[in-house]
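[1] Sequence first, predicted model second:
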Amino acid sequence: MAEDGKSTVRAVERALDILLCFTVKKEWAMTELAENVGLHKSTVHRMLSTLEERGFVTRDPASERYRLGLRIWELSANMSGADDPAVIGLPEMERLRDMLGETISLYLRDGNERIRIQAVQSVQAIRRVAPIGVRLPLYVGASSKVLIAFEEPAKREELLEDPSWPANFDRLQYREQLEEWRSLGYATSVEEREQGAAAVAAPVFSRTGKLVAALSVSGPANRFTQEIMRSQAPAVIEAARRLGVMLK
């Protein structure tokens, strides 16, 4: 019975690994999935058949490529409720985009990464496009700085000791800058993660004072300069405050 239980858990883990591949790109061939998750093609074929039968994936008969099925959207619809920051924050993010003219993103921390859960794209011809669902490291970027700087002290120390950060990353300097970001109430970044991009971010606190997310404004570095980011920081901080009071 114990071995049967372990086999069932492994099968679930493998199925989830396959589904998580669709966070990277929308369509996959079966052989690509097998290579990506490190499983034999016959194993992946069996799992895809079950997932397809249950509506979690769908296969294009012409290309024989797989994509997410409608069952996924049914599940995600149940997340969009009164306590979902991505839904609650959208009007405020649109207001901020209309005010500042740049791309607005909302990030949550998930373990030692941050994930973009909502984005409102700039309407300018030259803009930074921010896809939803992207996972990013916590050691670079304005939003990462905010999600660490404004975290509870014990959790902050735990995040700062993350062994997955690059060996040459200057943790001492980073620690010294934390107090500055906390004092300012925001953080900025210029071409730290992505060449040609700059961002300013502020923390989003719930009504109970808990750090929930980071709200950021990003744009091309040649247009979105440090001077402009500093001048727009108060608007970002206020938008983050307005968003936070709507969260439990």
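    Yes, it's here. Residues are numbered from 1 along each chain as shown.
[2] Neighbours of Tyr139, how many?
    20 (other CB atoms under 10 Å). (Glycine included, C-beta is placed from N, CA and C.)
[3] Enumerate every residue touching it.
    Tyr139 makes contacts with 162, 165-166, 169, 174, as judged by CB atoms under 8 Å, 6 or more residues apart in numbering.
[4] run the last query once more with 7 Å
    165, 169 (CB atoms under 7 Å, 6 or more residues apart in numbering).
[5] Figure out how far stretch 144-164 is from the centre of its chain.
    Stretch 144-164 has its C-alpha centroid displaced from the chain centroid by 16 Å (CA atoms, centre = their mean, to the nearest Å).
[6] go on, stretch 180-192?
    Relative to the mean C-alpha coordinate of its chain, stretch 180-192 is positioned 19 Å out (CA atoms, centre = their mean).
[7] Number the residues from 11 up from this point.
    Will do, 11 is the new start, and the previous item becomes stretch 190-202.
[8] how far does it stretch from start to finish?
    Taking CA to CA, to the nearest Å, stretch 190-202 runs 18 Å from one end to the other.
[9] Can you read off the backbone torsions of Ala211?
    Here the main-chain torsion angles of Ala211 (degrees, to the nearest 10) amount to phi -140, psi 150.
[10] Residue nearest the middle of this protein, spatially speaking?
    What sits nearest the mean C-alpha location of the chain, by CA atoms, centre = their mean, is Ile125, with 1.3 Å.
[11] Next, count neighbours for Phe32.
    Neighbours of Phe32 (other CB under 10 Å): 18.
[12] next SSE after the helix or strand hosting Leu30?
    Following DSSP states H and E, one finds Leu30 within helix 12-30. Downstream of helix 12-30, the first helix or strand assigned by DSSP H and E is strand 38-39.
[13] Show me what that following strand is packed against.
    Other helices and strands packing on strand 38-39, by 3 or more CB pairs under 7 Å, 6 or more residues apart in numbering; DSSP states H and E, are strand 75-78.
[14] Any buried residues in the strand it packs on, and which?
    75-76, 78 (16 or more other CB atoms under 10 Å).
[15] cool, and stretch 155-162?
    155-161.
[16] Could you export those residues to TSV, including columns for distance to Arg56 and pLDDT?
    Below are the buried residues of stretch 155-162 laid out as TSV (distance: CB to CB, whole Å; pLDDT from 0 to 100):
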residue	distance to Arg56	pLDDT
Lys155	45	96
Val156	44	97
Leu157	40	97
Ile158	42	97
Ala159	47	97
Phe160	46	97
Glu161	42	96
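[17] Between those residues, which sits nearest Glu248?
    Lowest distance from Glu248 to the buried residues of stretch 155-162 (CB to CB) belongs to Val156, with 15.0 Å.
[18] hey, C-alpha coordinates of the lowest-mean-pLDDT helix or strand in the chain in CSV?
    Least confident helix or strand, the chain: helix 80-87 with a mean of 75, by mean pLDDT, DSSP states H and E. What follows is helix 80-87 as a C-alpha-only set of coordinates in CSV (Å, rounded to 0.1, in the frame of the first residue of the first chain):
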residue,chain,number,x,y,z
LEU,A,80,-10.7,25.0,-20.8
ARG,A,81,-10.6,23.2,-17.4
ILE,A,82,-7.6,25.4,-16.5
TRP,A,83,-9.6,28.5,-17.1
GLU,A,84,-12.5,27.1,-15.0
LEU,A,85,-10.0,26.7,-12.1
SER,A,86,-8.5,30.1,-12.6
ALA,A,87,-11.9,31.8,-12.7
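[19] Show me the chain divided up by domain.
    What the TED database lists as the domains of the chain is 20-86, 90-256.
[20] Pick the most buried one from the ones you listed.
    When you average the neighbours per residue for each of the domains of the chain (mean count of other CB atoms under 10 Å), domain 90-256 leads with a mean of 17.
[21] from the chain's centre, how far out does that one sit?
    The answer for domain 90-256 is 10 Å, by CA atoms, centre = their mean.
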